[in-house]
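> Build me a model from this:
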Amino acid sequence: MLPNRILGKPNRKLEADLPDAVASANKYGVRGTLDGWKEIPNLARGNSRFILALALGFVGPLGDILQAEQVAMQFVGDGGSGKTSVAFAAGSIWGTSARSAESTKSLGFMETWNNTENEVEQVAAAHNHTFLILDETRTVGSSKGKDQLAVMKNVIMKLERSSEKGRMTATTPKKTWWTAVLSTSNLSLDELALDSKAELDDAFRGRMIDIPLPEGGAGVFQDLHGLPDVSAISGKIRDLAQANHGVAAQAFLEKLTAWRAKDENNLKAWLNLKRRTYLRHAKALPTNGRELGRFHQKFATVYAAGRLAKKFGLLNLALDELRNAILQCERDHLAHVASAGEMPVKKSFSNVDTLSRFLKENRSSFVDLRNGLPSAVSKGSLGYINVHNGSIEYLLTGKVLVAIMGSEDQVRELKRDLGDQNLLVVTKAGQQKLRYTCKRQIALDQGRATVTAIKAELID
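Modelled structure (predicted):
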């Protein structure tokens, strides 16, 4: 039962108790065509995180059938990497924003972490057996001195409890939910724990499973499908999602309810067979001394949902591609947690160390000007690799530097530190004053841009 439709033939009267506007018929509205929507999973091919997100989007209706644990996963990595656009596209399975035309373009079916702490029970109930997407954790704890990790832990625990807290003044039964959750965050739970010097164990990691960006990818993508950059493919999948949403869920639910009404035991047996298939392959993943049974089970649920969506003709993926994509996401989660235990606390990094780490992790996504200038500047570009007077340099805009360092003051400190170590290209601005920026041509369609040029010796 959706706010705007009842599927199947119920044998009793149904009444809806819609929590608030997020559960209105508009949010679960239908637009476009199924063929139009299928262009989204076509662009997911070759992209493990994108495939995972789409499979996760079909998990919600299976909770009552499988009687399994809820699944919550979180895409982790730098801003501008395409995480939110992938989440936006996965949300199009179910619908789009119920609020306004502006939020339809920016959020689609997603909710935000901002203000979620006090409203999480209502929000979760409004997404019962569908899909809850929470975008942008950095808005958590940004006011009133709240600790971000503490707030997130509170929200995550409430989500997994699957039932609102009882209140003595309540006049209606407690609302419950079982929903798949997808979150996006610049920092993982382990990184936030290191920053705040807090303890984090697998009991909590299993409640919100961090999935880092793929190694060597272009942001969250491994295959741009012939498009020039992350910004271009992100724009394309958002356009498709805005034009075609809600149709995939309707098609999925029609076939699911028909199969369940005909032979629920057969449906459950089929889903559990797919889960066992995944679990058999997951046994080969390195444990690094961790007990991974709970993690394997949750990824197995996502795989089974993806297989069902494929069986229903909604995901045009080869069986091994679907399985290997989800296995890759679990493998990379394990590697991320293992490396997090060896990482120094981020706050103890020097300014130069912070920049060095960013360059090492992201230079594979930089625009390489040594191969010729692009016709235009991409808004999603993290940086540029250039040769000037025979020396290799990394070019960053002021906006990117602020995003890396956190504030203008930290950027100024960084530039002074780099200048002191002769790692920065400086120009003269008068007889005694030095300027820590320079002019470089980074595109054919514009004049020289003001950038900060870091010498390659910093990391090479």
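> now for the top helix by length along the chain, which elements pack on it?
In terms of residue count, the longest helix belonging to the chain (DSSP state H) is helix 247-282. The contact analysis (3 or more C-beta pairs under 8 Å, 6 or more residues apart in numbering; DSSP states H and E) places helix 247-282 against helix 34-37, helix 63-66, helix 293-311, helix 319-340. No exception for glycine: its C-beta is placed from N, CA and C like everyone else's.
> Out of those, which is closest to Ser162?
If you check each of the helices and strands packed on helix 247-282 against Ser162 by C-beta to C-beta, helix 63-66 wins as the nearest, at 9.1 Å.
> so after the host helix or strand of Ile156, what's the next helix or strand?
Using DSSP states H and E, Ile156 falls within helix 148-161. Scanning forward in sequence from helix 148-161, with DSSP H and E defining helices and strands, the next element found is strand 180-185.
> sorry, back to before: which of the helices and strands packed on helix 247-282 sits most buried?
Counting by mean count of other C-beta atoms under 10 Å, helix 293-311 has the highest mean neighbour count of the helices and strands packed on helix 247-282, with a mean of 22.
> between that one and helix 247-282, what angle do the directions make?
When axes from the mean of the first three to the mean of the last three C-alpha atoms, to 10 degrees is applied, the directions of helix 293-311 and helix 247-282 differ by 130 degrees.
> could I have helix 293-311 exported to PDB, CA atoms only?
Included here for helix 293-311 are C-alpha records, laid out as PDB according to Å, rounded to 0.1, in the frame of the first residue of the first chain:
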ATOM      1  CA  GLY A 293      28.600 -12.900   9.600                       C
ATOM      2  CA  ARG A 294      26.300  -9.900  10.200                       C
ATOM      3  CA  PHE A 295      28.000  -7.900   7.400                       C
ATOM      4  CA  HIS A 296      27.700 -10.800   4.900                       C
ATOM      5  CA  GLN A 297      24.100 -11.300   5.800                       C
ATOM      6  CA  LYS A 298      23.200  -7.600   5.000                       C
ATOM      7  CA  PHE A 299      25.100  -7.600   1.700                       C
ATOM      8  CA  ALA A 300      23.400 -10.900   0.900                       C
ATOM      9  CA  THR A 301      20.000  -9.200   1.400                       C
ATOM     10  CA  VAL A 302      21.000  -6.400  -1.000                       C
ATOM     11  CA  TYR A 303      22.100  -9.000  -3.600                       C
ATOM     12  CA  ALA A 304      18.800 -10.900  -3.300                       C
ATOM     13  CA  ALA A 305      16.900  -7.700  -3.900                       C
ATOM     14  CA  GLY A 306      19.000  -6.900  -6.900                       C
ATOM     15  CA  ARG A 307      18.500 -10.400  -8.300                       C
ATOM     16  CA  LEU A 308      14.700 -10.000  -7.900                       C
ATOM     17  CA  ALA A 309      14.800  -6.600  -9.600                       C
ATOM     18  CA  LYS A 310      16.700  -8.300 -12.500                       C
ATOM     19  CA  LYS A 311      14.200 -11.100 -12.700                       C
END
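> So, low pLDDT: which residues of the stretch 151-300 of the chain?
Where the stretch 151-300 of the chain drops to pLDDT under 70, the residues are 164-173.
> now with 90?
When the per-residue scores of the stretch 151-300 of the chain are filtered using pLDDT under 90, the ranges that remain are 151-177, 191-204, 216-217, 284-290.
> quick revisit: so which of the helices and strands packed on helix 247-282 gets nearest Asn47?
Of all the helices and strands packed on helix 247-282, the one in closest proximity to Asn47, counting by C-beta to C-beta, is helix 319-340 (7.7 Å).
> Who are the packing partners of that closest one?
With contacts defined as 3+ C-beta pairs under 8 Å, 6+ apart, helix 319-340 has these neighbours: helix 48-57, helix 189-196, strand 209-212, helix 247-282, helix 293-311.
> What are the buried residues along the longest helix of the chain?
Of the residues in helix 247-282, those buried by neighbour count under the rule 16 or more other C-beta atoms under 10 Å are 247-253, 255-257, 259-260, 267, 270-271, 274-275, 277-278, 281-282.
> do the same with stretch 441-460
Along stretch 441-460, these residues count as buried under the neighbour rule (16+ other C-beta under 10 Å): Ile442, Ala443, Ala449, Val451, Thr452, Ala453, Ile454, Lys455, Ala456, Leu458.
> before we move on, the earlier item: among the helices and strands packed on helix 319-340, which is nearest Leu424?
Of all these, helix 189-196 sits nearest to Leu424, with 26.8 Å by C-beta to C-beta.
> contact partners of whichever helix or strand comes after that closest one?
With elements assigned by DSSP H and E, the helix or strand that comes after helix 189-196 is helix 202-205. Where contact means C-beta atoms under 8 Å, 6 or more residues apart in numbering, the residues beyond helix 202-205 that reach it are Lys153, Ile156, Leu189, Asp190, Arg290, Glu291, Arg294, Phe295, Val337.
> tell me the two of these that are most distant?
When the contacts of helix 202-205 are compared pair by pair using C-beta to C-beta, the two farthest from each other are Lys153 and Glu291, 20.6 Å apart.
> Those two: which has the busier surroundings?
Set side by side, Lys153 and Glu291 give different neighbour counts by other C-beta atoms under 10 Å, the larger being at Lys153 (19 against 9).
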